[in-house]
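> sequence first, then the predicted structure, then my questions.
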Amino acid sequence: MIDTESVSCETCTAPTPGMIDASDEASRAWPRVDIDANPYKEAFPLFAERPDIAFLDSAATAQRPSCVLDAQKRFYETMNANPLRGLYSLSVEATEAIAGVRAQIARLIGAVDERDRAQASEIVFTRNTSEALNLVAKAFAPGVLKPGDEVAITIMEHHSNLIPWQQACRAAGATLVYLYPTKTGELTDEEIAAKIGPKTKIVAATMVSNVLGCRVPVEKLGRAVHAHGGYLVVDAAQSVPHMPVDVREIGADFLAFSAHKALGPMGVGVLWGRMELLDAAEPFLTGGEMIDSVTEQDAVWAPVPEKFEAGTQDAAGIYATGVALDYLVNEVGYDAIQAREQALVHYAMSRMVELPYVEILGSIYWDRHHGVISFNVRGIHPHDVASILDMDGVCIRAGHHCAQPLLAWMECENLACCRASLAFYNDRADIDRFIEGLENVWNTFH
């Protein structure tokens with residue numbers, strides 16, 4: 001059990017004892033996983049090439065296993081053709097490969113019909129989560145919002161799920177409403193009831209905060225907005241890599257995530273939406289392949305999902321994304337991922353609270369941090385912390401983490417903090433190097 005008396009934060013209003021119910025039994029037991037052993041690192045070429053580093057920035061981007069790198073290369077070597085563009089066998093093979101990944105993703109996130117068939121057509125490929133969320137805000141929201149309506153988001157949102165809604169509200173004459181959690185990242189029922197009402201047409205929320213690491217009760221948000229006839233948009237970029245996600249159980253109307261945070265290539269994003277909503281939305285981008293027919297003065301759009309996939313897609317990246325998700329879910333498995341990452345977070349936080357100059361943001365309980373621990377070193381700028389840690393081969397993130405409104409609300413000095421983010425391929429040695437690096441940071445300035 002973490003010593004709660006050791007946790008404090010002066011500059012970032014992080015938790016102090018008593019801010020969370022100390023009787024929470026889930027926070028008293030820790031996972032029994034051997035984090036000394038590491039059966040995973042050998043699958044990741046970067047770790048073989050760079051054994052000198054402890055990579056603690058997986059919330060920004062994950063490392064890629066060999067099977068994913070090989071898959072991207074295999075696509076170009078064995079089926080390199082433009083999907084949907086040709087009738088010859090090579091193009092058909094590429095088309096079928098991409099269609100297979102659509103169905104795979106649909107099954108992964110629970111987008112299936114009553115006969116348990118994957119609703120592959122509801123999967124739209126984008127460049128990243130940002131583009132997927134922009135698609136919803138620019139292609140769907142204009143048909144829903146009118147002056148006087150409200151869009152509700154949490155103060156914990158990544159800029160990718162904040163700025164598009166600022167612009168959508170500005171264009172429609174709607175109001176952007178913020179839900180504020182407790183300082184430990186918990187959205188209360190009272191806050192949800194106060195902020196989501198008859199004027200709320202859209203709620204857009206992250207499932208896991210990329211700063212506080214807390215799990216947001218998107219299910220409650222969905223029930224609240226659906227009661228008023230509105231829609232739920234979920235940013236799952238920080239959840240799909242770490243936990244099962246089911247759009248039906250969540251009650252989502254749209255859900256977005258990026259491949260690169262889930263062991264896949266950069267440049268591939270996924271948007272899922274209910275078919276009737278995708279059908280009603282206008283195209284976000286126009287051009288090649290997203291049309292059914294074109295005349296000199298008009299065009300008829302192709303059906304979903306092609307309607308939203310103008311131009312040539314990153315076919316090799318999409319193919320490799322399927323391999324990445326198969327490795328994540330079937331070779332490693334969410335049960336193993338969650339157990340190992342919880343053990344790593346528990347060990348890291350238990351070591352961090354031994355350092356009186358380290359201030360942890362968010363909950364004082366390890367089980368509220370889903371792979372993410374944000375912190376500051378008292379009196380030392382986060383950029384200096386990250387730079388000195390880098391000299392010791394420890395890779396963390398420092399800055400505003402694309403969440404400036406959250407850090408401003410938390411009164412973080414310099415609108416910045418440090419973030420160590422863990423994945424199942426980390427181990428005790430990585431954490432120990434991190435702690436030794438923090439001691440070196442402190443000693444360097446003192």
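Thanks, I have the structure now.

> hey, where'd the strands end up in the stretch 251-400 of the chain?
Listed in chain order, the strands of the stretch 251-400 of the chain (DSSP state E, counting those that start in this stretch) span residues 254-258, 269-273, 291-294, 299-301, 358-360, 372-377, 394-395, 397-399.

> for the first one, name the packing helices and strands.
Okay, so that is strand 254-258. helix 129-135, strand 231-235, strand 269-273 (3 or more C-beta pairs under 8 Å, 6 or more residues apart in numbering; DSSP states H and E). C-betas here are computed from N, CA, C, even on glycine.

> I'd like the next helix or strand past the first one.
Which is helix 129-135. strand 150-154 (DSSP states H and E).

> what's the next helix or strand after that next one packed up against?
As assigned by DSSP H and E, the chain's next helix or strand after strand 150-154 is helix 163-172. Counting contacts by 3+ C-beta pairs under 8 Å, 6+ apart, helix 163-172 packs against strand 150-154, strand 175-179.

> which neighbours in the sheet does the last one have, and how are they oriented?
Right, the one you point to is strand 175-179. strand 150-154 (parallel) (DSSP bridges).

> could you check the angle the partner strand makes with strand 231-235?
30 degrees (axes from the mean of the first three to the mean of the last three C-alpha atoms, to 10 degrees).

> what does strand 150-154 rub up against?
Residues from elsewhere that reach strand 150-154 (C-beta atoms under 8 Å, 6 or more residues apart in numbering): 141, 145, 161-162, 165, 168-169, 174-181, 187, 195-197, 199-206, 216, 221, 225.

> can I get the strands of the stretch 251-400 of the chain in TSV including mean neighbour count, distance to Ser89 and mean pLDDT?
Formatted as TSV, the strands of the stretch 251-400 of the chain follow (neighbours: other C-beta atoms under 10 Å; distance: least, C-beta to C-beta, whole Å; pLDDT from 0 to 100):
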stretch	mean neighbour count	distance to Ser89	mean pLDDT
strand 254-258	29	32	98
strand 269-273	28	28	98
strand 291-294	11	25	94
strand 299-301	13	28	95
strand 358-360	25	57	97
strand 372-377	26	46	98
strand 394-395	22	44	98
strand 397-399	19	46	97
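
> nearest to Arg117, out of those?
Between Arg117 and the strands of the stretch 251-400 of the chain, the tightest spacing by C-beta to C-beta is seen for strand 269-273, at 15.0 Å.

> partner strands of that closest one and their direction?
strand 123-126 (antiparallel), strand 254-258 (antiparallel).

> just put the helices and strands packed on helix 163-172 in CSV and tack on distance to His369.
Shown next, in CSV, are the helices and strands packed on helix 163-172 (distance: least, C-beta to C-beta, whole Å):
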stretch, distance to His369
strand 150-154, 17
strand 175-179, 20
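
> return the most buried member of those strands.
The highest average neighbour count among the helices and strands packed on helix 163-172, using mean count of other C-beta atoms under 10 Å, belongs to strand 150-154 at a mean of 25.

> how about that strand as CSV, C-alpha atoms only?
What follows is strand 150-154, C-alpha atoms only, in CSV (Å, rounded to 0.1, in the frame of the first residue of the first chain):
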residue,chain,number,x,y,z
GLU,A,150,-24.6,22.7,-26.0
VAL,A,151,-21.7,20.3,-26.5
ALA,A,152,-20.2,18.9,-23.2
ILE,A,153,-16.7,17.7,-22.8
THR,A,154,-14.4,17.1,-19.8
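
> average pLDDT for it?
Averaging pLDDT along strand 150-154 yields 98.

> would you agree Thr312 is in contact with Asn82?
Yes. Between Thr312 and Asn82 a contact is recorded at 5.9 Å, counting by C-beta atoms under 8 Å.

> pop the domain breakdown of this structure in here.
Per automatic domain parsing, the structural domains of the chain span 4-56+333-445, 68-329.

> what about stretch 113-131, start to end distance?
The straight-line separation of the ends of stretch 113-131 (C-alpha to C-alpha, to the nearest Å) is 26 Å.

> residues in contact with that stretch?
98-99, 102-107, 111-112, 132, 135, 160, 235, 237, 256-258, 260, 266-275, 278, 303-305, 308-309, 313-314, 318.

> mind giving me the PyMOL select for those residues, buried ones only?
To isolate the buried members of the contacts of stretch 113-131 in PyMOL, using 16 or more other C-beta atoms under 10 Å:
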select buried, resi 98+102+103+104+105+106+107+111+112+132+135+160+235+237+256+257+258+260+267+268+269+270+271+272+273+274+278+304+305+308+309+313+314+318
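
> adding distance to Tyr76, write the helices and strands packed on strand 254-258 out as TSV.
Shown next, in TSV, are these (distance: least, C-beta to C-beta, whole Å):
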stretch	distance to Tyr76
helix 129-135	23
strand 231-235	31
strand 269-273	21
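
> looking at these, spot the one closest to Leu212.
Leu212 sits nearest to strand 231-235 of all the helices and strands packed on strand 254-258, at 14.1 Å, using C-beta to C-beta.

> just how off-centre is the closest one within its chain?
13 Å (C-alpha atoms, centre = their mean, to the nearest Å).

> pLDDT averaged over that strand - what is it?
Strand 231-235 comes out at a mean pLDDT of 98.

> packing partners of the very next helix or strand once past it?
Note on strand 231-235: by DSSP H and E, the next helix or strand toward the C-terminus is helix 247-250. Judged by 3+ C-beta pairs under 8 Å, 6+ apart, the packing partners of helix 247-250 are helix 218-226, strand 231-235.

> how about a cut-off of 7 Å?
helix 218-226 (3 or more C-beta pairs under 7 Å, 6 or more residues apart in numbering; DSSP states H and E).

> measure how far the helix it packs on is from the centre of its chain, please.
Using C-alpha atoms, centre = their mean, the offset of helix 218-226 from its chain centre is 19 Å.

> give me the angle between that helix and strand 175-179.
Taking the same axes, to 10 degrees, one finds helix 218-226 and strand 175-179 inclined to each other by 140 degrees.

> what's next to helix 218-226, contact-wise?
192, 196, 200, 203, 205, 207, 231-232, 234, 250-252 (C-beta atoms under 7 Å, 6 or more residues apart in numbering).
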